[in-house]
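>>> Okay, here's the prediction I keep looking at, along with the sequence it came from:
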Protein chains: 2
Amino acid sequence: MIDVCLPGTGGMIPLPDRWLTCCWIEYQGSAVLIDCGEGTQIALKEAGCKPSRLAVLLITHFHADHVAGLVGLLLTLCNHSRAEPLTVAGPPGLRRVVSSLTIIAPRLTFPLEIIELDKNNPVPLEKAGLTVYAAPLRHGTTCFGYKVELKRKPVFNPQKAAALNIPVTFYKALHNGETVTLDDGETIKPEQVLDGARKPITVCYVTDTRPFAGLAGFAEGVDLLIGEGMYFDEQMREKVEEKNHMLFSDSAELAKKSGAKRLWLTHYSPALERPRDGVKIAERIFPKSEAAYDGIRLTIDG
Amino acid sequence: MIDVCLPGTGGMIPLPDRWLTCCWIEYQGSAVLIDCGEGTQIALKEAGCKPSRLAVLLITHFHADHVAGLVGLLLTLCNHSRAEPLTVAGPPGLRRVVSSLTIIAPRLTFPLEIIELDKNNPVPLEKAGLTVYAAPLRHGTTCFGYKVELKRKPVFNPQKAAALNIPVTFYKALHNGETVTLDDGETIKPEQVLDGARKPITVCYVTDTRPFAGLAGFAEGVDLLIGEGMYFDEQMREKVEEKNHMLFSDSAELAKKSGAKRLWLTHYSPALERPRDGVKIAERIFPKSEAAYDGIRLTIDG
C-alpha cells in the first residue's frame, strides 16, 4: 500500500493559489519526492507531507520550476535536525547544480548522496522499500520521467501450508521466498505455499515532455499515471509542441496506450485558471482522467 | 511620497500563512525590493507589488531566507519580457552568489547590474529617484541594514516670487535649485523664492542583527524603522544574542534612541505564532510600534 499526493500542480511559476508540480510517494513512513520548485517545502506542509520522512528526492530536470526550492527544503531538514543521509537523484550535472544552489547553505546537518543517472540508460534505484525507474523524456534538456514501484510478495496460502503440515514458525521465511527444511528433514519451497505472483503497485510521473514512441511502454499498466497537462485547448498545440510540453489530450492518449488504471493531469500553465474545465477533453480519450489539484491524494493498495 | 509594503514578515522558513521578510518601496512607479527569500515572488503578487516596477534589489546577507527566491524572481521578470537592466546590490560575494544561484537560469532577457558594497564603507546608491544607504550590521556574516531616502525639494513660495516680479516661466528652474537671469538682467537665486529645506522621507530596514552603538545614528529620525522582532519573550534573549537577532524590545529601544517616527516589527521566528501578542512590550518602550503582518502598507508623504 502506498500513498501518493501532489502538493502542487502548477508549471513555470508558483502562484498564490497553486504550488509548482511535485509528487510525494510514501510507503511505510519513508517518502520519495519528485521535483522541488520554489515553495515546495510550503506545499508539503500544507498537504501534510512530513519532510522528516523524505528518503529520496528525484529531480526530473534543471528548469527552475522543478528544482529552485531545493535549498529551502534542505535547510528545513536541517532545522528538523536531520542526521540521516538524503538521496538526491537526477540528470547528469546534478552534482554541479546542487553544489551551486547550496552556496547559500554551506553546512548541512546530514550527508547528501547524489546520484547522476545515465541519460541513455538510467539504472533503477532501490530505496525506501521502493524501486525507482527513470526514462529519458523529450524536453529540449535532459529530463527524466520516473516510475516508482512497490514490489509485492505473492499471497501466502495458509490452507496449502496446513495441508503440508508446516509449522507456523516457518510461514514468514516461506512468504519471504526462502526454502525451508522442516524438523523431519523435508524441504519445502516457497511456491508450494504461495499463490501466484502479484503485480507491483506502480506510479508513473511524466512531465515535461512531448509524447514519443516508447513512452507508453514505460508507463505500461501503471496504477496511476501523473501526466502533464500544460493546457487543454487544442489551439495551444503548436505552442506546446514548440516548448516540448503536453496537452490534456496528449496525456490522455498516453494513459490509454499504456493501459494505465487512472490519470492525474498536472503541471498547468499559470494562464490555465480552471483546469477542471478541460477534464472532459481528457475523459473522452481516457475515462479515468482527473484534473489534479494541490493536495490531491490517493492510497493505492493494488 | 513613497509607498512602503512588507509582502512578508517571517524569518528562517516560509510558512503557509507567512512569507519571508522583504520590503517593497515604491516611488513614482519604480521600486526597490529589500531581500528575496523563497516565495517572495508570490508574496509580491499577493501584496499587489508589480515586479515590472522593480528597479533595484537589495540583499541584506546571504542566508537562504533572504536570497533563495532570487532565481524565481529573475525568471518571472523574464516571463514578463523584461529588457531593462536590474540593479542587484548586496554584500561582497554577491556576484558569486548570483552566478551560482542562476545556474538554473542561464539566460535572462535583461542584464543584471551587480554592485558589491564595501562592507566597511558602503557607498550610497542613487537609483530610481531614491538614495540607498547601507550600514554593516552584526550578524555573524556580512549583513547590511538599508536606509532608503527620498530627497525633497524645498517648498517653492509663489508669494516671494511674485513680490520679485519673476515671470512664471522661471519658477521651475528656481524650484530645481538653479540660479536664473531675468530678461532685465537681474539675477535671482533659488533661496530668494524657496522656503527652508525639507527633511527627506526615510525608511530604514534593520534585520538580522544585534543592536550596537552607532545603529541608532544610522536610523536617526527616520519616518519608518522596520526592525527585527524574532521573538518578544525576554526569555529568548540568550538565544537571540547567540544567534545575532533582535527581540521586540531591542527594536523598540532602537526606534526610541534613533527618534524614528514609527516602528514596524518583522522577521518573526516560525515559532512565534501571534506576533501581535507582544506588541505591548514594544509599545511600552516606543509607543508607535506595530507588529507588521504580510501585506502591511504605508504611504509616507513626509
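Looks like it arrived, so ask away.

>>> For A:P122, report the pLDDT, please.
pLDDT recorded at A:P122 is 93.

>>> I figured it was touching A:P136, is that so?
Yes: contact criterion CB atoms under 8 Å: A:P122 and A:P136 qualify, at 7.4 Å. Quick note: C-beta positions are derived from backbone N, CA and C, even for glycine.

>>> which residues do those two both contact?
Residues within reach of A:P122 and of A:P136 at once, by CB atoms under 8 Å, 6 or more residues apart in numbering or on different chains, are A:F144.

>>> what's A:L73 in contact with, if anything?
A:C36, A:T40, A:Q41, A:L44, A:P51, A:L57.

>>> swap the cut-off to 6 Å and go again
By CB atoms under 6 Å, 6 or more residues apart in numbering or on different chains, the contact set of A:L73 is A:C36, A:Q41.

>>> Backbone dihedrals for it, please?
Main-chain dihedrals, A:L73, degrees, to the nearest 10: phi -70, psi -50.

>>> Helix, strand or coil: sort out A:K199 for me.
A:K199 falls in the coil class when you classify it by DSSP: H, G, I helix; E, B strand; the rest coil.

>>> Check the spacing between it and B:D35 real quick.
Per CB to CB, to the nearest Å, A:K199 is found 51 Å from B:D35.

>>> So which of those two has more stuff around it?
B:D35 (26 against 11; other CB atoms under 10 Å in any protein chain shown).

>>> In this structure the more buried one contacts B:H66, no?
Yes: using CB atoms under 6 Å, B:D35 makes contact with B:H66 at a distance of 4.5 Å.

>>> which neighbours do the two share?
In the contact map built from CB under 6 Å, 6+ apart, the residues linked to both B:D35 and B:H66 are B:T60.

>>> Quick one: end-to-end length of stretch A:5-25, please.
In terms of CA to CA, to the nearest Å, the two terminal residues of stretch A:5-25 are separated by 7 Å.

>>> Mind listing what's buried along it?
Using 16 or more other CB atoms under 10 Å in any protein chain shown as the test for burial, stretch A:5-25 gives A:5-15, A:18-25.

>>> how long is stretch A:19-35 end to end?
So stretch A:19-35: terminal residues 12 Å apart, CA to CA.

>>> Output the set of residues of chain A in proximity to chain B.
Chain A comes close to chain B at residues A:13-14, A:16, A:38-39, A:42, A:45-46, A:62, A:64, A:67-68, A:71-72, A:75-76, A:97, A:100, A:103-105, as judged by CB under 6 Å from any CB of the partner chain.

>>> which among those end up buried?
Buried by 16+ other CB under 10 Å: A:13-14, A:38-39, A:42, A:45-46, A:62, A:64, A:67-68, A:71-72, A:75-76, A:97, A:100, A:103-105, out of the residues of chain A next to chain B.

>>> Where strands are concerned, which of these count?
Using DSSP state E, the subset of those located in strands is empty.

>>> Filter those down to the ones in helices?
A:I42, A:K45, A:E46, A:A64, A:V67, A:V71, A:G72, A:L75, A:T76, A:V97, A:S100 (DSSP state H).

>>> Can you check what pLDDT the model gives A:G302?
Looking at A:G302, its pLDDT is 65.

>>> What of A:K243?
pLDDT for A:K243: 94.

>>> which ones are touching it?
Contacts of A:K243 (CB under 6 Å, 6+ apart): none.

>>> which residues in the stretch 151-300 of chain A form helices?
For the stretch 151-300 of chain A, the helices defined by DSSP state H, counting those that start in this stretch occupy A:158-163, A:171-175, A:215-218, A:237-243, A:248-258, A:279-285.

>>> Mind checking the ones you listed for the one nearest to A:D301?
helix A:171-175 (17.7 Å; CB to CB).

>>> I'd like the C-alpha coordinates of the closest one written as CSV, please.
These are the backbone C-alpha positions of helix A:171-175, laid out as CSV (Å, rounded to 0.1, in the frame of the first residue of the first chain):
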residue,chain,number,x,y,z
TYR,A,171,5.5,-19.2,7.4
LYS,A,172,7.4,-15.9,7.4
ALA,A,173,10.5,-17.3,5.8
LEU,A,174,8.5,-19.1,3.1
HIS,A,175,6.5,-15.9,2.4
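
>>> So what's the gap between it and the chain middle?
30 Å (CA atoms, centre = their mean, to the nearest Å).

>>> same for it, what does it pack against?
Helix A:171-175 sits against no helix or strand, with contacts defined as 3 or more CB pairs under 6 Å, 6 or more residues apart in numbering or on different chains; DSSP states H and E.

>>> Helix, strand, or coil at A:I25?
Going by three-state DSSP: A:I25 is strand.

>>> hang on, the earlier thing: farthest-separated two in the ones in helices among the buried ones among the residues of chain A next to chain B?
The widest separation within these (CB to CB) is 28.1 Å, between A:E46 and A:S100.

>>> center of chain A - which residue?
Centroid-nearest residue in chain A, with CA atoms, centre = their mean: A:V148, separated by 4.9 Å.

>>> strands paired with the helix or strand where that residue lies, and their directions?
Using DSSP states H and E, A:V148 sits within strand A:144-150. Paired strands of strand A:144-150, with direction, are strand A:130-136 (antiparallel), strand A:201-206 (antiparallel) (DSSP bridges).
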